[in-house]
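> give the three-dimensional model of this entry:
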Amino acid sequence: MIKTLTCWLCVNIIFLCSAVCQEKNEVFEITPENTTIEFKAKHFGVVNVSGTFKSFSGQITISDEVITDGKILLNVNSIYTANNSRDRSLRDKEFLDVKGHPQITIAFIKNNRTDLISSLVSIKRKTVSIPISYELGTVTQGTRSIRASCQISREQFNLSFGNMDDLVSDKVKISAFVTLKVK
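Numbers count the residues shown, from 1 in each chain. Just a heads-up that it's a prediction; the model follows:
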């Protein structure tokens, strides 16, 4: 009887430990209607020029409150700064080249931090590793939210405004509020 009870306890302890130790991977899709992806750059060294991407898609895997995987695709043609001339310049072949490179890709690299994830950002076939700080939130059951931010260098991606290049800062701040639903 004691031997049976001891075996039963051992089996239950092993079962409980394995259940606690297993990672819970949840795959989420971005919900565009409640998501904002913004960028800001200094113009003339003092004025912040900001804009958003109106069209994007992606999915993110969260495991034990850590972003472990994911990919976001930004539609370059959806760039919006509230200035039609500027938007055309950003989409033009000289800068983002929407015809030759219609998407910006952000791919997350496996991670175990709850506040920072490495990513591979691809713009115009140039890929650069960029750290992204983030904070997870819960909206309701089956949905999550993420606040994220990073900074990129235009020079790293060979993004130039030609003779206007000196008027726009090299550093571009990117921030996002992303809502997700379970896939």
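> tell me which stretches of the protein form helices.
2-21, 84-91 (DSSP state H).
> buried ones in the last one?
Translated: helix 84-91. Neighbour-count burial for helix 84-91 flags Asp87, Ser89, Leu90, Arg91 (criterion: 16 or more other Cβ atoms under 10 Å). Using the backbone N, CA and C atoms, a C-beta is placed for each residue, glycine as well.
> which residues touch the closest residue in space to Thr105 that isn't next to it in sequence?
Sequence neighbours aside, Ser122 is the residue nearest to Thr105 in space, at 4.3 Å (criterion: Cβ to Cβ, 6 or more residues apart in numbering). If a contact means Cβ atoms under 8 Å, 6 or more residues apart in numbering, then Ser122 has Ile104, Thr105, Ile106, Ala107 as its contacts.
> give me the subset of those lying in strands.
The strands, defined by DSSP state E, take in Ile104, Thr105, Ile106, Ala107 from the contacts of Ser122.
> isn't the last one right up against Lys71?
The one in question is Ala107. Yes - with contacts counted by Cβ atoms under 8 Å, Ala107 reaches Lys71, the gap being 4.9 Å.
> least reliable of the helices of the chain going by mean pLDDT?
Summarising mean pLDDT across those, the least confident stretch is helix 2-21, with a mean of 45.
> tell me which other helices or strands the longest strand along the chain touches.
Taking DSSP E as the criterion, the chain has its longest strand at strand 168-182. Strand 168-182 sits against strand 25-30, strand 36-43, strand 143-153, with contacts defined as 3 or more Cβ pairs under 8 Å, 6 or more residues apart in numbering; DSSP states H and E.
> least confident of these, on average?
strand 36-43 has the lowest average pLDDT among the helices and strands packed on strand 168-182, namely a mean of 90.
> I'd like to know which elements it is packed against.
Partner elements for strand 36-43 (3+ Cβ pairs under 8 Å, 6+ apart): strand 47-53, strand 168-182.
> most neighbours among the contacts of Ser122, which one is it?
For the contacts of Ser122, neighbours were counted by other Cβ atoms under 10 Å; the highest total belongs to Ile106, with 23 neighbours.
> wait, which of the buried residues of helix 84-91 is closest to Asn158?
Leu90 (14.6 Å; Cβ to Cβ).
> would you list the ones in strands among the contacts of Ser122 in a markdown table and tack on distance to Pro131?
Formatted as a markdown table, the entries for these read as follows, by distance: Cβ to Cβ, whole Å:
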| residue | distance to Pro131 |
| --- | --- |
| Ile104 | 17 |
| Thr105 | 17 |
| Ile106 | 12 |
| Ala107 | 13 |
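> quick check: closest non-adjacent residue to Lys99.
In space, and not counting its chain neighbours, Lys99 is closest to Lys93: 6.9 Å by Cβ to Cβ, 6+ apart.
> and Arg147, by the same measure?
Ranked by Cβ to Cβ, 6+ apart and with sequence neighbours excluded, the top spatial neighbour of Arg147 is Glu135, at 4.8 Å.
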